[in-house]
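>>> Below: sequence and its predicted model.
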Amino acid sequence: MREALTAWTIWARTIHVRAQHHREERDLRTSPRASTPRRYLMCPPTYYRVTYSINPWMDPGKPVDLQLALAQWEELRDRYRALGHTVDELAPRPGLPDMVFAANGATVVDGRVLGARFAHPERWAEAAAHREWFRAHGYEAVREPEHINEGEGDFAVTATWLLAGRGFRSSPLSHPEAQEFFGRPVIGLDLVDPRYYHLDTALCVLDDAADEVMYYPGAFSAGSRAVLERLFPDALIATEEDAAALGLNAVSDGKHVLLPQAAVGLFEPLRARGYEPIGMDLGELLKGGGSVKCCTQELR
Ligand SMILES: CN(C)C(=N)NCCC[C@H](N)C(=O)O
């Protein structure tokens, strides 16, 4: 046990030091950021509606313009493709209006798939649709989880860690389950503001080779804020205003950062760090409580 722990600590340190070197090299080079090709899974909002409310953003009284939602979603998909990324599409299913938020359906790291188990019954059936897609596409390690986890809504992958949100949706018990499955150290983070009910509303990984993130401190408990400061002393800190525009619900390929266009305060700080921010209008999907990242599951 002791030996295993020592090996584990050495491994985590090695990765962390490597990420630090990567950061230092990049700073020395002062060369522009480089994007790496990504593979994403998205689900068109064919059956998207706001007929129930399971987060503070959802108001069934507010009509959704389905045509506009579809156009906004296609714009995001096409932008990824124009940037050279691959986008696979998951077939939407009637009766599952939140399926467009594909990031919540699983977490994929090193080709291993940890399926989701949703907190709310309205979304339960989405989990099986995701698992079926992975099995049909040749993924062999596909786990139906024991504990509630809402996929990449609450898991974020950096070079060294798997950051894991809890407090509103994913169970704290899903953290050791993910650690065991992926063999990566999990850092549990407590979310305390219901507007930021998933980790990906409050934190975004900007550079997954160098442990660089941006986050909104107000979404986290004092202890979790201290953990984030310790792990990410150079993080980009978002204002309350940009967080409230769901600006942290963003996707980075290491160079381009696609984020809600209303998060205007994030554009300059991102440029100053060498990133190329790309504002997207996903206003209709915001009515369901999600934006860029929620619509995008990364297949690592
Ligand atoms: C950025 N977020 C929060 C996501 N990753 N997912 C959006 C899920 C929205 C859905 N109506 C729900 O409340 O589950």
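Structure's in. What do you need?
>>> Nearest spatial neighbour of L259, chain-adjacent residues omitted?
In space, and not counting its chain neighbours, L259 is closest to A250: 3.6 Å by Cβ to Cβ, 6 or more residues apart in numbering. (Glycine included, C-beta is placed from N, CA and C.)
>>> Quick check: that neighbour touching K293?
Yes - taking contacts as Cβ atoms under 8 Å, A250 lies within contact range of K293: 5.9 Å.
>>> mind listing what the residue nearest to L259 touches?
Listed by Cβ atoms under 8 Å, 6 or more residues apart in numbering, the contact set of A250 reads C204, M214, V257, L258, L259, P260, A263, L266, V292, K293.
>>> same question, A141
When contacts are counted by Cβ under 8 Å, 6+ apart, A141 touches G111, R112, V113.
>>> and this protein, which residues reach the ligand?
Counting by Cβ under 6 Å from any ligand atom, the chain comes close to the ligand at 54-55, 58, 98, 101, 103-104, 123, 153, 198, 200-201, 249, 288-290, 293-294.
>>> on that earlier part again, quickly list what's touching both of A250 and K293.
Both A250 and K293 are contacted by C204, under the criterion Cβ under 8 Å, 6+ apart.
>>> Buried ones in stretch 281-290, by neighbour count?
D281, L282, E284, L285, L286, K287, G288, G289, G290 (16 or more other Cβ atoms under 10 Å).
>>> circling back: can you report phi and psi for the residue nearest to L259?
The phi/psi pair for A250 (degrees, to the nearest 10) reads phi -120, psi 160.
>>> which element follows the lowest-mean-pLDDT helix or strand in the chain toward the C-terminus?
Sorting the helices and strands of the chain by mean pLDDT, DSSP states H and E puts helix 2-29 at the bottom, at a mean of 51. Using DSSP states H and E, the next helix or strand after helix 2-29 towards the C-terminus is strand 39-42.
>>> buried ones in the helix or strand that that following strand is followed by?
Going down the chain from strand 39-42, the next helix or strand is helix 66-82, by DSSP H and E. Residues A69, L70, Q72, W73, L76, R77, R79, Y80 are the ones in helix 66-82 that count as buried (16+ other Cβ under 10 Å).
>>> and helix 66-82, what other elements does it pack with?
Packing contacts for helix 66-82, counted by 3 or more Cβ pairs under 8 Å, 6 or more residues apart in numbering; DSSP states H and E, involve strand 39-42, strand 86-89, strand 256-260, strand 276-280, helix 283-286.
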